[in-house]
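Trainee: next come a sequence and a model predicted from it.
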Amino acid sequence: MKSIYAIVLACFLAGMSQYSAQGQTKSKTAPQPAKLARPKLVVGIVVDQMRYDYLYRYYDKYKEGGLKRLMNEGFNCRNNHYHYALTVTAAGHSAVYTGSMPAINGIIGNEWYDNAAQKGVYCTDDNTVATVGSSNVTVGKMSPRNLLVSTVTDQLRIATNFRSKTIGVAIKDRASILPAGHAASGAYWFDSKTGNFVTSTYYMPALPKWVTDYNSLKKPAEYAGKGWSTLLPVDQYSQSSKDEVVWEGLITSNNKTTFPHELVGNAGDAFGPVTTSPWGNTLTKEMAIAAIKGENLGKGADTDFLAVSFSSPDRIGHMFGPNSVEQEDNYLKLDMEFAELFNFLDSWTGKGNYTVFLTADHGAMDVPAFWQEHKLPAGLLSATALTRSIVKAMNDAYGEADYIAAFENYQIYFNKAVLKEKKITVEDAYQLLRNTVLSADGIADIINLRDIGKAPLNTYQLELYKNNINAKRSGDLQLILQPGWFASSFGTGTDHGTPYNYDTHVPFLLYGWGVNKGETLKRTTIADIAPTIAALLHILPPSGNVGNPVEEALKK
């Protein structure tokens, strides 16, 4: 019997051994799960002060390969708007990359007043860090610490356990720092005093070699020496006013408003004039390509992200206005910079292996004098005169005191200690000032931000202003300007920062890996950009996100 049991047991063990061997063989030859498909590189482009109509206004003069490539081969959200009222640079860049709004992300403007500290705050101020890359000690005391939520670039870093690299590049500090996020691999901006791209100790103790190598080329000095001449003969700028008009500003005090423009700065701002010309876009493009090469972006196992902002269109717009030969020339040249950047990306990652999106941080109003010349309603608000009338009204009613702590973002910040001492509520002051403010030319309304639910405002604008209010950073009263008006003491150039269409309607173009070809006229908002990119990358949207992915733009 024992021998029979032994035979049976031997056969059973042999069968198990054979089954195990077959299983091992199958496991060796079985296909492994495919790695989740993602682009090698995402390039986010924000153009400072690019109205939506610039896509089509200059379309016939754009070259192939730049904006036309994005518009005709990518996806175009043609009815894309800002979802809050105070449309300025810092708030715009923050909203693009957080999918949020100032009420949540805390970036309510480029500056605001800190009631607790009783001082003004710049959006990226950080006195705990120091400049890296320049002897200019103030230019680098910057970080994203005032931004209260995460960015899509932060979420990418988290999702890949910080293997992905995220880099920000811009002329303006805020346009580099806020998009790159809190956990950025690096952020670099331009020091117009020295002509160097710099960073801060928030990111690193010393500049990488690729940055010092680029700085050593002294490109700003080279471009300053070339000046600014037009790409085409001046008489071919058919989408613009004539070259010499009274409402244009001067790049330098000893310059003229007509072409060609000299770009020689002064000791404290030696290269500022270069950034108020298309050469600023060239510097930005070159620095962006240097970053891709220097950091080897798009060459690793995980998706990398370059956030690049072109700041010079804003500086040109503020100086000359949207209808100027200068702005038309700028956009024709910027289009060529884009073509060069995209051609480089084709060769670097391979065409179809990267994703690009392009948008703007705000639009701009036409110069009021230009509108007035053509019998359209527009004008300039005298902030000085209005401030004097507000102070006088308070002093006349309650006795002389420092009632006003600050004016920022068309908001009045009251001195809370004085109001408390005199037993004046914000509502009391609001009711007192309402008639004074409404009597001023260019003012449409004034609302009490501390009791906005009772504001006598249309529902559309009320929502936009609500989206701007941050309880700790916003002012007490909000001035609402008439359409076509902004505050200025110069009478030249343009501005932005309102809830009107010329400021809110900006491009949103997607192109490349994972993107469908097409367009939509469905209303989208700036808050939809970050969740769209997050959906493309299969990562969590930013912490303060309120937007939704543009589904039709993405391949299934």
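Mentor: Cool, the structure landed.

Trainee: buried residues in stretch 300-315?
Mentor: Buried residues in stretch 300-315, counted by 16 or more other CB atoms under 10 Å: 303-315. Every residue, glycine included, has its C-beta placed from N, CA and C.

Trainee: endpoints of that stretch, how far apart?
Mentor: 36 Å (CA to CA, to the nearest Å).

Trainee: next step: the buried residues of stretch 300-315 restricted to helices.
Mentor: 312, 313, 314, 315 (DSSP state H).

Trainee: pLDDT score for the last one?
Mentor: Looking at residue 315, its pLDDT reads 97.

Trainee: go ahead and confirm it touches residue 274.
Mentor: No: using CB atoms under 8 Å, residue 315 makes no contact with residue 274, being 10.1 Å away.

Trainee: shared neighbours, these two?
Mentor: Overlap of the contact sets of residue 315 and residue 274 (by CB atoms under 8 Å, 6 or more residues apart in numbering) consists of residue 280.

Trainee: can you tell me the SS state at residue 436?
Mentor: Following DSSP: H, G, I helix; E, B strand; the rest coil, residue 436 is assigned to helix.

Trainee: please list all residues in contact with it.
Mentor: Residue 436 sits next to 389, 390, 393 when contact means CB under 8 Å, 6+ apart.

Trainee: next one: residue 128
Mentor: With contact set as CB under 8 Å, 6+ apart, residue 128 has these partners: residue 143.

Trainee: so which strand or helix has it?
Mentor: Assigned by DSSP states H and E, residue 128 belongs to neither a helix nor a strand.

Trainee: what's across from the closest residue to residue 475 other than its chain neighbours in the sheet?
Mentor: Spatial nearest neighbour of residue 475, excluding adjacent residues (CB to CB, 6 or more residues apart in numbering): residue 411 at 3.0 Å. Beta-bridge partners of residue 411, counted by DSSP bridges, are residue 408, residue 478.

Trainee: from residue 517, how far out is residue 510?
Mentor: 10 Å (CB to CB, to the nearest Å).

Trainee: re the thing from before, list just the nearest of the buried residues of stretch 300-315 to residue 267.
Mentor: residue 315 (19.6 Å; CB to CB).

Trainee: isn't residue 214 right up against residue 289?
Mentor: No: the pair residue 214 / residue 289 is not scored as a contact, 9.5 Å apart, by CB under 8 Å.

Trainee: hang on, the earlier thing: of the buried residues of stretch 300-315, closest to residue 364?
Mentor: Among these, residue 314 lies closest to residue 364 (CB to CB), at 8.1 Å.

Trainee: what residues are up against the residue nearest to residue 475?
Mentor: Neighbour list for residue 411: 449, 474, 475, 476, 477, 478, 479 [criterion: CB under 8 Å, 6+ apart].

Trainee: follow-up on the earlier one: could I get the contacts of residue 436 as CSV with pLDDT?
Mentor: Listed next are the contacts of residue 436 as CSV, based on pLDDT from 0 to 100:
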residue, pLDDT
389, 96
390, 96
393, 97
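
Trainee: quick one: which of those sit in helices?
Mentor: Counting by DSSP H, the part of the contacts of residue 436 found in helices is 389, 390, 393.

Trainee: where does the protein dip in pLDDT?
Mentor: Applying pLDDT under 70 to the chain flags the ranges 1-33, 253-254.

Trainee: could you list the domains of it?
Mentor: Following automatic domain parsing, one gets these domains for the chain: 44-373+499-553, 379-483.

Trainee: what about the strands in the stretch 101-250 of the chain?
Mentor: Here the stretch 101-250 of the chain has its strands, by DSSP state E, counting those that start in this stretch, at 111-114, 119-122, 131-132, 166-170, 186-191, 196-200.

Trainee: can I get these in TSV including mean neighbour count and distance to residue 98?
Mentor: As requested, these are exported to TSV (neighbours: other CB atoms under 10 Å; distance: least, CB to CB, whole Å):
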stretch	mean neighbour count	distance to residue 98
strand 111-114	19	17
strand 119-122	14	19
strand 131-132	19	25
strand 166-170	29	14
strand 186-191	26	15
strand 196-200	26	21
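
Trainee: mind checking these for the one nearest to residue 488?
Mentor: strand 111-114 (17.1 Å).

Trainee: quick check: can you name the pairing partners of that closest one and their directions?
Mentor: The pairing partners recorded for strand 111-114 under DSSP bridges are strand 119-122 (antiparallel).

Trainee: the strand it pairs with: how far from the chain's middle?
Mentor: 20 Å (CA atoms, centre = their mean, to the nearest Å).

Trainee: so what touches it?
Mentor: By CB under 8 Å, 6+ apart, the list of residues contacting strand 119-122 from outside reads 110, 111, 112, 113, 114, 146, 406, 408, 473.

Trainee: mind picking the two most distant members of those?
Mentor: 146 and 406, at 16.7 Å, using CB to CB across those.

Trainee: list the buried ones in stretch 351-360?
Mentor: Under 16+ other CB under 10 Å, the buried positions of stretch 351-360 are 353, 354, 355, 356, 357, 358, 359, 360.

Trainee: measure the third one to residue 284 for me?
Mentor: It stands for residue 355. From residue 355 to residue 284 the distance is 19 Å (CB to CB).

Trainee: same deal with the second one?
Mentor: When CB to CB is the yardstick, residue 354 and residue 284 sit 18 Å from each other.

Trainee: cool, and the fourth one?
Mentor: The span separating residue 356 from residue 284 equals 15 Å under the rule CB to CB.

Trainee: hmm, back to that, between residue 510 and residue 517, which one's more packed in?
Mentor: residue 510 (26 against 13; other CB atoms under 10 Å).

Trainee: partner strands of the helix or strand containing the more buried one, with direction?
Mentor: In this structure, residue 510 sits in strand 508-512 according to DSSP H and E. Strand pairing for strand 508-512, using DSSP bridges, gives strand 75-77 (antiparallel), strand 354-360 (antiparallel).

Trainee: nearest to the spatial middle of the chain, which residue is it?
Mentor: residue 93 (2.5 Å; CA atoms, centre = their mean).

Trainee: contact partners for residue 416?
Mentor: 115, 405.

Trainee: do that again at 10 Å, thanks
Mentor: 115, 116, 118, 405, 426, 476 (CB atoms under 10 Å, 6 or more residues apart in numbering).

Trainee: ramachandran coordinates for the last one?
Mentor: When quoted as degrees, to the nearest 10, the phi and psi of residue 476 stand at phi -100, psi -40.

Trainee: that older thread, for the buried residues of stretch 351-360, give me JSON lines that also has distance to residue 342.
Mentor: Listed next are the buried residues of stretch 351-360 as JSON lines, based on distance: CB to CB, whole Å:
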{"residue": "353", "distance to residue 342": "13"}
{"residue": "354", "distance to residue 342": "9"}
{"residue": "355", "distance to residue 342": "12"}
{"residue": "356", "distance to residue 342": "7"}
{"residue": "357", "distance to residue 342": "13"}
{"residue": "358", "distance to residue 342": "11"}
{"residue": "359", "distance to residue 342": "16"}
{"residue": "360", "distance to residue 342": "18"}
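
Trainee: farthest pair in those?
Mentor: 353 and 360 (25.9 Å).

Trainee: among the contacts of residue 436, who's most crowded?
Mentor: Busiest of the contacts of residue 436 [other CB under 10 Å] is residue 390, holding 23 neighbours.

Trainee: hang on, isn't that residue packed against residue 407?
Mentor: Yes: contact criterion CB atoms under 10 Å: residue 390 and residue 407 qualify, at 8.7 Å.

Trainee: which neighbours do the two share?
Mentor: With CB under 10 Å, 6+ apart as the test, residue 390 and residue 407 both reach residue 479.

Trainee: residue contacts, residue 298?
Mentor: Residue 298 sits next to 39-43, 165, 292, 304-306, 345, 348-350, 353-354 when contact means CB under 10 Å, 6+ apart.

Trainee: residues that sit against both of residue 510 and residue 517, list them.
Mentor: Common contacts of residue 510 and residue 517, defined by CB under 10 Å, 6+ apart, comprise 74, 75, 76, 553.

Trainee: make JSON lines from these and add neighbour count to it.
Mentor: Listed next are these as JSON lines, based on neighbours: other CB atoms under 10 Å:
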{"residue": "74", "neighbour count": "21"}
{"residue": "75", "neighbour count": "22"}
{"residue": "76", "neighbour count": "22"}
{"residue": "553", "neighbour count": "26"}
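
Trainee: great, nothing more from me.
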